[in-house]
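Undergrad: A predicted structure for the sequence below; I have some questions about it.
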Amino acid sequence: MQTTLKSPVFFAGTGLHTGRPVRVSVHPASAEYGIWFRRTDVADRNPMIPARWDAVTNTDLNTRISNDDGVSVSTIEHLMAALAGCGVYNALVEIDGPEVPLLDGSSAQFVSAILARGIRQLDAPVRAIRVLRTVAVTDNGARVSLEPAPGLEIDFEINFSDAAIGHQVKRLNMANGAFVRELCDSRTFCRTADIDAMRDRGLIAGASLTSAVVVDGDRVVTPGGLRHSDEPVRHKMLDALGDLALAGAPILGRYVGQRAGHAMTNSLLRALFADPGAYEIIECDAAIAARLPGAGLRRTDSARIAA
């Protein structure tokens, strides 16, 4: 069955780029609504923005969606991952600024609040996007693909010169709450030199050592170190789930990313939907629905989150 929240969820934090306070509330929605964002601070233009792959207008550092009036919301990927990972298919996200707060750089706080509120089933079947043949995108040595699989799997590989990150590989079947248990508390990461360069360009006024894992060569600068020895690749998988959620329905397929990011995942969705023979929309029976991310989660599962 399709799902939504039992009651609204509220968040407050600081925008990564503007450094300004921002408030977010996620509200229940009816079946077939999907995920929409509404800018509550916009009165002179259409404030509604669909959380959809074809509304993505920028993927530099994060994912931004926009409507035809130019109203946008950025840094949506961690919240989208939380909704997808908890199996929430319908919601209205109200926000009083242009970017979702980064919080601790992961999806943990979003997930904890969603599970605490609870998820309600709706009287409508879930439809999923089943991948029928492999679709791939390559760019300058990076590659991302979607391959046929019975449920959503994510396979990711990264390779950084910094010894604190290095070469990391991880593969997960996203069924049975794997996102909540394995990925949702993994934070975004960057190098000290990247932070200095981005601050010089005025891109990250709201960043701090509490909102990301910062590395410098073989050192983890962020107090407390890593939550997982392979936290960086886990976060890349978290980002991938959030960007794949913009497909508009759960995906049944294996996502493979090698040095990929927001831009390539969005390009992959565009390539998939440009090829009608590469996918089909199916109505999920009980067996398929049981393999979807978020199926079988309980409120007590939030106790497993590190953040």
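TA: Perfect, thanks for sending it.

Undergrad: in the stretch 101-250 of the chain, which spans are strands?
TA: Remark: strands assigned in the stretch 101-250 of the chain by DSSP state E, counting those that start in this stretch are 119-121, 127-131, 135-139, 142-147, 153-159, 167-173, 189-191, 213-216, 219-220.

Undergrad: and for the chain, the residue most distant from the center?
TA: Asp44 (29.3 Å; Cα atoms, centre = their mean).

Undergrad: where does pLDDT dip in the stretch 151-300 of the chain?
TA: For the stretch 151-300 of the chain, the stretches with pLDDT under 70 are 196-210, 299-300.

Undergrad: my guess is Gln109 meets Leu103, correct?
TA: Yes. Using Cβ atoms under 8 Å, Gln109 is in contact with Leu103, at 5.0 Å. Quick note: C-beta positions are derived from backbone N, CA and C, even for glycine.

Undergrad: which residues sit against stretch 131-148?
TA: Stretch 131-148 is contacted from outside by 130, 149, 251-261, 263-265, 267-268, 271-272, 275, 277-280, using Cβ atoms under 8 Å, 6 or more residues apart in numbering.

Undergrad: may I have that stretch as PDB, with CA atoms only?
TA: Output of stretch 131-148 as PDB, limited to C-alpha atoms (Å, rounded to 0.1, in the frame of the first residue of the first chain):
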ATOM      1  CA  VAL A 131      14.400  -1.900 -14.700                       C
ATOM      2  CA  LEU A 132      14.200  -4.200 -17.800                       C
ATOM      3  CA  ARG A 133      17.700  -3.700 -19.300                       C
ATOM      4  CA  THR A 134      20.900  -1.900 -18.300                       C
ATOM      5  CA  VAL A 135      21.100   1.800 -18.700                       C
ATOM      6  CA  ALA A 136      24.500   3.500 -18.100                       C
ATOM      7  CA  VAL A 137      26.000   7.000 -18.100                       C
ATOM      8  CA  THR A 138      29.800   7.700 -18.100                       C
ATOM      9  CA  ASP A 139      31.800  10.900 -17.700                       C
ATOM     10  CA  ASN A 140      35.500  11.400 -17.400                       C
ATOM     11  CA  GLY A 141      36.200   8.000 -15.800                       C
ATOM     12  CA  ALA A 142      33.100   8.000 -13.700                       C
ATOM     13  CA  ARG A 143      30.200   5.600 -14.400                       C
ATOM     14  CA  VAL A 144      26.800   4.900 -13.100                       C
ATOM     15  CA  SER A 145      24.200   2.400 -14.200                       C
ATOM     16  CA  LEU A 146      20.900   0.800 -13.400                       C
ATOM     17  CA  GLU A 147      20.600  -3.000 -14.000                       C
ATOM     18  CA  PRO A 148      17.600  -5.400 -13.700                       C
END
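
Undergrad: from the chain's centre, how far out does that stretch sit?
TA: 19 Å (Cα atoms, centre = their mean, to the nearest Å).

Undergrad: which parts of it are buried?
TA: Val131, Val135, Val137, Arg143, Val144, Ser145, Leu146 (16 or more other Cβ atoms under 10 Å).

Undergrad: now the first one: how far from Val56?
TA: Counting by Cβ to Cβ, to the nearest Å, the separation of Val131 from Val56 is 20 Å.

Undergrad: so which of the strands of the stretch 101-250 of the chain gets nearest Leu297?
TA: Of all the strands of the stretch 101-250 of the chain, strand 119-121 sits nearest to Leu297, with 7.4 Å by Cβ to Cβ.

Undergrad: circling back: show me which of the contacts of stretch 131-148 are buried.
TA: When those are checked for burial by 16+ other Cβ under 10 Å, the buried set is 130, 149, 251-261, 263-265, 267-268, 271-272, 278-279.
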